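*Asks:* based on what follows, work out the 3D shape:
(one chain, ligands or ions: 1)
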Amino acid sequence: MPSSQVVNSYVNEGFKDTAQKTDSYPQKEHIIKMRDGDTLQIEMSVDGAQTVAPLSPRITVTFHNVSKVINVPAKMIDPSSKERFIERKLLDQVSGQIQPGQLAALMGPSGCGKTTLLNTLAGRALNGVTGNVWFNNQSYERSMKRKLAYVLQQDSFFEQLTVKQQLTYTCLLRLPNHLSKKDKLTQVEQIIDQLRIRGCANTPIKLISGGEKKRVNIGTELLTNPSVIFLDEPTSGLDSTSAVALIDVLRELAMQGKTIVTSIHQPSSQIFQSFDQFILLADGKTIFMGKPSDALLYFATLGHHSPPQYNPADYVMDLVNQDMKIREELKEAYLQNKINTNVKTISNQLQQQQYQYSTVGRQYLLAEPSGDVADLTNLDNVNLIPAKHESKWPIGFLPQLLILTSRAFRLSGKTQFTRLSFIQVICISVITGLCWLRMDFAENTIPDRSSFTFFIMAFWPLETLFSGLLSFPSERGVIEKERASGSYRLSSYFLAKSLAEAPLKFILPTLYFIIAYWMANMNNNFGIFLAIHGFQLLSILVAESLGLFLGATLKNLEHGITAATILLMSLMLVGGFYVRNLPHWLGVWGKWVSFFKYSYDACLQLQFSGRHHYKCVDGTYVPSCRNNPNGTFVSDEALQYFDIGLNVGLNFLVLFGMFVGFRFLAYLSLRFVNNNSGRT
Ligand SMILES: Nc1ncnc2c1ncn2[C@@H]1O[C@H](COP(=O)(O)OP(=O)(O)OP(=O)(O)O)[C@@H](O)[C@H]1O
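*Replies:* Next up, the predicted model:
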C-alpha cells in the first residue's frame, strides 16, 4: 500500500488534473477512502450528490524496438513456393511512450500492424516478439493484466443479456472478493452513467445500436478500473456523431489519469486533433510519431503538402496509401529524423551529413524512448506485480461457479424456452403419439413397442448432440475474451455450463415423453415409466457430451457438423434396431460403441418387464403363442425376440461412464486444442 504522503500527493495531483480539465465538476468536499490493495477512491460531494470516483495507479507505457516475426506457410504467399514457411515481419523496431492522461492514436493502412502492436503492448500473442514493453519501470508480466484493459475490435457478448446484466455479471466475476456486492453493483451504475448507456441499460444487447455496443464493450473492460486501456478500432462502423461521443468518453477517461492507446481508421478532423499523440505505421514500421497538429508540418518538410481545408487524417492516410515508393521514402525519412531526435543516440555529428533526406522535420517528432530502464519513471511508486500469495483470480472457484451457473442458466433458458420450442415439442409429441396410438397389450405390437422405444431414445439425443456441437463455437469468442482478461477458470465455466444446462435440457424432453408415452400406451407401471424416462435423459446427456467434445475439438464448424452426422448415423445403424444381423466383423464391436444400443436395450427390458399379460396373436414373435393363439403370454417372453446384450444396471453404468468420459474429453479439448484463429 502506498505511504500516506504518496497517497496525498497522488490524490491531489490526480484531482488537480481532473479539476483543470472538467470545469463542469464543482467539487465541494473530498473524503479520501483507502481500501486494501492498490486502488484508491475519492468520494466527492458534487452538488449534493455522492459520486465515487475510483483512481487507479498511473501507468506510463513504454515500448522500445518492438518487432514481431511470424512464420507464414509459404503457399499462403506464393503458391508455387517450394519452401514450407516464409518469415514475415509484422512489426519492425517500433518504439514509443504514452503517458498517463494521454490519448494516443495508432493509425496506418490496413494490414500495417496496428492490431499486432496493440496485442503486443497488451501482452497477448507474444510469439515471435522481440524488444521491450514496460509499464512504468516494470516489464510486462501476466499478473499485470488486471491493470490493463483491451477492448477488442469485435464486440463479443452474450447478446441475449441486457446491458446491465452483461455489466453486472462481468463485475461480479472480475472485481475482487474484498469489495462487497453492493460496492460492485454501485460500480456498474457508475459505468452506465459514465458511458452514457442508461437509456439502453435494460435492453438486450442484440437490440442496441453499434455505438452503444461499443460503449458496453468499453464499459465491460472499465469495470475493473484499469490504468491502461488499449482499444482496437473502437469507432469502426460508427457514424460520425457516435464516433465523436465515444472519443469524448475516452478523453474523460484519460482525464482521470488513464493511459489510452487506440487504433483508428479514418478519424474526422475533430477527432484526429483531439488526440495527444499520433503514431503512424506503414508495413510494421513507424513513419510518424508526434502531436497530430504537427503531422502535416512534418510531412511538408519532406515535400508533401496537404491541400488547404483537407482533413489532415485523410491526407496522411492518402499519403501512406499511395505508391510503395513514397512509403519507402517516408520510412527512411523517419529513421533518419528519429536518430536526430533522440539525443542519446547522436554519437557522431558527421553522421548527420550523410542523410539523404531533410531532417528539418525532426522538430515535429516526439523522441523515442532510450530503451534504458533507468530513464523510466514510476509516478505513483506502485508495484504492478501482485505479491506471490495473491490469487491469480479475482474471486474463488465457488463464487465463480455460482455466478457462471446463474449466467448459463439465464442464457440457456432464454434460447431454449421460446414459444416456438414449446409448440414444436407439443406438435412432435402428439404426432409421435398418433403414430403409435394406444397400442394394445398384444403380441403383434411387439415390433411397434420396440420402434417406439428406439425412436424416443434416438430423437432427443440427436437434437441435443447438434446443440452441444454448436454450443462452443457460438460462445468461444466471448469465453476467450473473458479468459484473456483473467476473469475465471476454464473449469468453473465448464462445470457451470454443465450444471446449468442439464436441468433445462430435461424440461422439453420430459414434456415430450409424458405426452408420447401416454398416447402410445406403453408399460403403465409408474416406476417403469420413470426408469425409461431416466434412460432417455441419460442418453441425452451422453449425446450432449459427445456434441460438446466434437464442438471443442473441431475448429471448423462445417467439419464438426459433417463428423457429427457421420458418427450419429453410424451409431444409430449399429444400435441394434435397424439391422438385427450385422455382418460379423462389424457386429462384434460395432454395437458396443453405440450409446443408442445401451439405452435401447435397457428400455426394451424395462418396457417388457413387470410380468404383464399380453394377448397372443399368431406366434410370430413369441414361440409359446404358436399353439395358443387365443391365449396370453407374460410380457418378459417378448424379450426372446430381441438380441439383448447387457442387463439394465450394466447398461446404465456404461451410459453413465460415456457421459462422464465424453464430458471430460470435451473439457480437455477445450483446454488444450489450440482454438485461436491463428491471428497475431
Ligand atoms: N497468423 C497470421 N498469418 C499470416 N499473416 C498474419 C497473421 N496475423 C496477422 N497477419 C498479417 O499481419 C499484418 C498485420 O496485421 P494487423 O491485424 O496487425 O493489421 P492492422 O493494421 O490492424 O489491419 P486492419 O486495419 O485491417 O485491422 C496483416 O498483413 C495480416 O494479414
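*Asks:* how about the residues of the stretch 51-200 of the chain by the ligand?
*Replies:* Residues of the stretch 51-200 of the chain lying close to the ligand by Cβ under 6 Å from any ligand atom are 70, 72, 90, 108, 110, 111, 112, 113, 114, 115, 116. For every residue, glycine as well, the C-beta is placed using N, CA and C.
*Asks:* looking at the residues you listed, which are in strands?
*Replies:* The strands, defined by DSSP state E, take in 70, 72, 90 from these.
*Asks:* so residue 96 sits in a strand?
*Replies:* Yes: according to DSSP: H, G, I helix; E, B strand; the rest coil, residue 96 belongs to a strand.
*Asks:* please enumerate residues in contact with the strand or helix carrying residue 314?
*Replies:* Under the criterion of DSSP states H and E, residue 314 resides in helix 312-321. Helix 312-321 has contacts (Cβ atoms under 8 Å, 6 or more residues apart in numbering) with 107-109, 112, 266-269, 271-273, 280, 282, 287-288, 292, 295-296, 299, 304, 306-307, 326-327, 330.
*Asks:* poorly predicted segments of this structure, please.
*Replies:* 1-55, 339-359, 387-390, 674-680 (pLDDT under 70).
*Asks:* find the residue at the geometric middle of it.
*Replies:* Against the mean C-alpha coordinate of the chain, by Cα atoms, centre = their mean, the closest residue is residue 478 at 2.0 Å.
*Asks:* wait, isn't that one in contact with residue 158?
*Replies:* Yes: in terms of Cβ atoms under 8 Å, residue 478 counts as a neighbour of residue 158; the distance is 6.0 Å.
*Asks:* got the buried residues for the helix holding residue 314?
*Replies:* Neighbour counts over helix 312-321 (16 or more other Cβ atoms under 10 Å) mark 312, 313, 315, 316, 317, 319, 320 as buried.
*Asks:* domain map for the protein?
*Replies:* Domain segmentation of the chain under automatic domain parsing yields 4-55, 61-282, 397-672.
*Asks:* test my guess that residue 590 contacts residue 574.
*Replies:* Yes: counting by Cβ under 8 Å, residue 590 touches residue 574, with 3.8 Å between them.
*Asks:* which residue packs closest to residue 533, ignoring adjacent ones?
*Replies:* Spatial nearest neighbour of residue 533, excluding adjacent residues (Cβ to Cβ, 6 or more residues apart in numbering): residue 513 at 5.3 Å.
*Asks:* and for residue 360?
*Replies:* Nearest non-adjacent residue to residue 360, counting by Cβ to Cβ, 6+ apart: residue 301, 4.5 Å away.
*Asks:* on that earlier part again, name the next helix or strand downstream of the helix holding residue 314, please.
*Replies:* Following helix 312-321 toward the C-terminus (DSSP H and E): helix 324-341.
*Asks:* relative to helix 312-321, how tilted is that following helix?
*Replies:* Here the directions of helix 324-341 and helix 312-321 differ by 110 degrees (axes from the mean of the first three to the mean of the last three Cα atoms, to 10 degrees).
*Asks:* residue numbering should commence at 853 henceforth.
*Replies:* Happy to do that; since the first residue is 853 now, the last one works out to helix 1176-1193.
*Asks:* next one: residue 910 from residue 1151, what distance?
*Replies:* For residue 910, the distance to residue 1151 (Cβ to Cβ, to the nearest Å) stands at 32 Å.
*Asks:* that older thread, what sits against the residue nearest to residue 1385?
*Replies:* By Cβ under 8 Å, 6+ apart, the contact set of residue 1365 is 1281, 1308, 1385, 1388.
*Asks:* tell me which element the last one is part of?
*Replies:* Per DSSP H and E: residue 1388 is located in helix 1378-1405.
*Asks:* check which helices and strands that helix sits against.
*Replies:* With contacts defined as 3 or more Cβ pairs under 8 Å, 6 or more residues apart in numbering; DSSP states H and E, the packing partners of helix 1378-1405 are helix 1298-1336, helix 1342-1372, helix 1409-1425, helix 1447-1459, helix 1500-1524.
*Asks:* does residue 1162 belong to a helix, a strand or coil?
*Replies:* Under three-state DSSP, the three-state class of residue 1162 is coil.
*Asks:* on that earlier part again, by neighbour count, which of the contacts of residue 1365 wins?
*Replies:* Most neighbours among the contacts of residue 1365, by other Cβ atoms under 10 Å: residue 1308, with 28 neighbours.
*Asks:* distance of the nearest residue to that one once chain neighbours are set aside relative to residue 916?
*Replies:* Using Cβ to Cβ, 6+ apart and skipping residues adjacent in sequence, the residue nearest residue 1308 is residue 1388, 5.9 Å away. With the distance defined as Cβ to Cβ, residue 1388 ends up 63 Å from residue 916.
*Asks:* picking up where we left off before, the helix holding residue 1388 vs helix 1409-1425, what angle?
*Replies:* Using the same axes, to 10 degrees: helix 1378-1405 against helix 1409-1425 is 150 degrees.
*Asks:* the inter-axis angle of helix 1378-1405 versus helix 1500-1524?
*Replies:* Angle between the axes of helix 1378-1405 and helix 1500-1524 is 20 degrees (criterion: the same axes, to 10 degrees).
*Asks:* run the chain-centre distance for helix 1378-1405.
*Replies:* The chain centroid and the centroid of helix 1378-1405 are separated by 28 Å, computed with Cα atoms, centre = their mean, to the nearest Å.
*Asks:* what comes up buried for that helix?
*Replies:* Buried residues in helix 1378-1405 (16+ other Cβ under 10 Å): 1380-1381, 1383-1385, 1387-1405.
*Asks:* can you list the domains of the chain in TSV and add distance to residue 1236?
*Replies:* Formatted as TSV, those follow (distance: least, Cβ to Cβ, whole Å):
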stretch	distance to residue 1236
domain 856-907	8
domain 913-1134	5
domain 1249-1524	14
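*Asks:* for residue 1230, find the nearest of these.
*Replies:* Taking Cβ to Cβ, domain 913-1134 is the member of these nearest to residue 1230, at 4.1 Å.
*Asks:* distance between the ends of the closest one?
*Replies:* End-to-end distance for domain 913-1134: 21 Å, by Cα to Cα, to the nearest Å.
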